[in-house]
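Participant: 3D model of this:
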Amino acid sequence: MNFTAIDFETATAYHPCSVGIVTVENGIIVDEFVSLIKPPNNIYSPFTIQVHGIYPSHTVNAKSFLQVYPEIEKRLKNRIVVAHNESFDRNVLSKSMALYGLHYEDLHIPARWECTVKIYKAKGLNPTKLSDCCREMNIQLNHHEALSDARACAKLYMLK
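Facilitator: Numbers count the residues shown, from 1 in each chain. Next comes the predicted model:
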């Protein structure tokens with residue numbers, strides 16, 4: 001079982017302020033990466049701050065998406081990618097890439113990723129928020145912390 005799980009936290013709409021990535025090889029977590037990301041103009045929605053607790057003061061000196069992208073690329077390129085509510089994280093990635101003139105196709109990953117929401121919904125779990133799935137499957141979670149969310153998603157995918 002080889003794949004990469006990813007989670008973004010966002011400052012506004014599709015502008016990330018944090019990314020967590022977990023690489024799994026042969027069913028074992030072999031790499032974890034987390035980084036704060038300075039969103040454009042370091043602007044945040046009060047709603048997103050309330051969700052994840054990341055403030056502009058946390059990212060004022062953080063790297064931009066473009067500066068963090070090489071780390072994202074080397075972990076995602078040519079991989080099966082997994083996310084909880086994959087359309088959200090995939091859109092964050094593709095829209096951020098487009099903003100900086102990067103091409104999603106260059107990653108050589110599927111147009112749609114593996115989605116643990118869909119997997120666990122198909123298993124009859126309801127509701128299927130990450131926290132609910134983790135509680136049901138007894139997976140530790142510090143919800144809305146990007147690395148913890150990516151790690152939990154990876155563990156959910158391995159238990160599918």
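Participant: from here on, contacts and neighbour counts on C-alpha atoms
Facilitator: Noted.
Participant: can you give me the strands in the protein?
Facilitator: 3-12, 15-25, 28-36, 81-83, 114-115 (DSSP state E).
Participant: and residue 145, what does it touch?
Facilitator: 9, 52 (C-alpha atoms under 8 Å, 6 or more residues apart in numbering).
Participant: any idea how far the residue of the chain most remote from its centre is from residue 117?
Facilitator: Largest separation from the mean C-alpha position in the chain: residue 124, at 23.7 Å (C-alpha atoms, centre = their mean). According to C-alpha to C-alpha, to the nearest Å, residue 124 and residue 117 sit 11 Å apart.
Participant: Residue 24 too?
Facilitator: Residue 24 is 19 Å from residue 117, by C-alpha to C-alpha.
Participant: Of these two, give the one with the bigger neighbour count.
Facilitator: Each of residue 24 and residue 117 has its neighbours counted (other C-alpha atoms under 10 Å); residue 117 has more, 23 against 20.
Participant: show me the contacts for the more buried one.
Facilitator: Counting by C-alpha under 8 Å, 6+ apart, residue 117 has contacts 84-85, 128-130.
Participant: Could you pull up phi and psi at the residue farthest from the centre of the chain?
Facilitator: Note on residue 124: backbone dihedrals following degrees, to the nearest 10 are phi 100, psi 0.
Participant: Could you pull up the contacting residues of residue 150?
Facilitator: Applying C-alpha under 8 Å, 6+ apart, the residues near residue 150 are 5-7, 20-22, 83.
Participant: typo on my end, it should be residue 83
Facilitator: For residue 83, the contacting residues are 5-7, 89, 113-116, 150, 153, by C-alpha under 8 Å, 6+ apart.
Participant: what's the most distant pair in those?
Facilitator: Spatially, the most separated pair among the contacts of residue 83 is 113 and 150, at 13.8 Å (C-alpha to C-alpha).
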